[in-house]
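Asker: quick one, fold the following:
(one chain, ligands or ions: 1)
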Amino acid sequence: MKTIFPTAKFQQLRTPFYYYDTELLNKTLQVAQSEANNYGYHLHYAVKANANPRVLAIIRAAGFGADCVSGGEIQAALEAGFAADKIVFAGVGKADWEINLGLDKDIFCFNVESIPELQVIDALAAAKGKMARVALRINPEVDAHTHTHITTGKKENKFGINLDQLGDILDELFGLNNVRLIGLHFHIGSQLTELEPFQALCERVKTLQAGLAKRGLHIENINFGGGLGIDYDHPDAHPVPGFGSYFKIFHDNFPVTAGQRIHFEPGRSIVGQCGSLISKVLYVKEGSVKQFVILDAGFTELIRPALYQASHLIENLSSDKKAETYDVVGPICESSDCFAKDIQLPQTQRGDLIALRSAGAYGEIMASQYNCRQLPVAYFSDLL
Ligand code: LLP
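Answerer: Numbering: from 1, shown residues only. Just a heads-up that it's a prediction; the model follows:
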């Protein structure tokens, strides 16, 4: 039976819901900021990981900028009080209205992923008599050794400009009047649990930078993206990810040139461990070969196990009886609505409270209304 949760209070709330540990979020933010400050690095929180308005407000108050991938995220960041000059805007498919929003708000930078996108940003900026600051998102062709659905830096991925096309896009860029190159952007993938691919990224960027220097180009801003993984198996042993060794890899492998600013876009590592999905057991069903724990939460509330075969630690908050083997499933009418197979849980019964841990990143934000379900509500530890 876990005691880190206010189980008595949970009993009074309608399940399923998200529960955020505000203290852990603040601690994580403080560690990330102070480790980044050691090297003068700039942090932009990846809004896609969790855009709950209060989560955003807390992150903004800790001094972060915002990394957005849609007009909606730019609006959410602005509403949470992020300064426009600390907002970066990435994404392979920026619609005209989204680019116009970024121009109207004077965001810090557009991370550009293709020549046609660059041309559209230039034309829309020209129509407003503005100069758009752009960074080129380069596909560094570094293998992140993570799940194929969340690998982004390989040659066959849709993201970024391939290394062999960089010369062409630079020629194009310097022929345009309403875009100004201010940097380079990279992101190799998410949930990286080894640091070695980040070292390979540093090597790649160093080589690239040396090549550009030969063209007389000095890169003012380098953005290394996000990707630092979290410990899904042992959230209580590692509640705060290893920001110290993460930033040190970059410090040791990427010497900053005079006047250069280094940026990062952490998402999961900031919000992952502070959030849990809290659910109730509707039924324990004895199949002929399996026992199923049927929860009132399904992939509509947490899609990661169904989409990426991700595993989240599952805890019974109401029972400390002898362990039995269960499949833990949701109520959605699809066989993929399964959180875990053949796991050990204390003997479980109808009404028990269940926590799905490490669900703060890509949990609430990826919820859907499939089967006409209601979107989950969220509670915060300091407001319960
Ligand atoms: N920057 C860019 C350009 C990105 O594409 C991403 C994530 C990030 C930053 C933040 O990465 P993080 O620090 O969170 O690893 N829904 C998937 C993860 C998708 C990640 C997409 N890009 C999941 O639940 O595992």
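Asker: the longest strand along the chain and the ligand, any residue contact?
Answerer: In the chain, assigned by DSSP state E, the strand with the most residues is strand 275-286. No. In terms of CB under 6 Å from any ligand atom, no part of strand 275-286 sits within range of the ligand; the closest distance is 12.2 Å. To be clear about C-beta, it is placed using only N, CA and C from the backbone, and glycine gets the same treatment.
Asker: pLDDT of that strand, averaged?
Answerer: In this model, strand 275-286 carries a mean pLDDT of 98.
Asker: who's in contact with stretch 17-26?
Answerer: 5, 10, 52, 54-55, 58-59, 62, 239-240, 270-271, 273-278, 301, 355, 359-360, 363-364, 376-383 (CB atoms under 8 Å, 6 or more residues apart in numbering).
Asker: in strands only, show me the residues you listed.
Answerer: Per DSSP E, those map to strands at 275, 276, 277, 278, 355, 377, 378, 379, 380.
Asker: which residues of the stretch 201-350 of the chain lie near the ligand?
Answerer: So the stretch 201-350 of the chain meets the ligand at 225, 226, 227, 228, 265, 266, 267, 268, 269, 304, 308 (CB under 6 Å from any ligand atom).
Asker: how near is the residue sitting furthest away from the middle of the chain to residue 85?
Answerer: The outermost residue of the chain relative to its centre, with distances by CA atoms, centre = their mean, is residue 288 at 40.2 Å. From residue 288 across to residue 85, the span is 62 Å (CB to CB, to the nearest Å).
Asker: please save the CA atoms from stretch 308-316 in PDB.
Answerer: Taking Å, rounded to 0.1, in the frame of the first residue of the first chain, the C-alpha atoms of stretch 308-316 are listed here in PDB:
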ATOM      1  CA  TYR A 308       4.100   2.900 -27.900                       C
ATOM      2  CA  GLN A 309       4.000  -0.300 -25.800                       C
ATOM      3  CA  ALA A 310       5.100   2.000 -23.000                       C
ATOM      4  CA  SER A 311       5.000   0.600 -19.500                       C
ATOM      5  CA  HIS A 312       3.900   2.700 -16.500                       C
ATOM      6  CA  LEU A 313       4.300   1.400 -12.900                       C
ATOM      7  CA  ILE A 314       0.900   0.400 -11.600                       C
ATOM      8  CA  GLU A 315       0.200   0.500  -7.900                       C
ATOM      9  CA  ASN A 316      -2.900  -0.500  -5.900                       C
END
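Asker: tell me how far that stretch lies from the chain's centre.
Answerer: 18 Å (CA atoms, centre = their mean, to the nearest Å).
Asker: fine, thanks again, bye for now.
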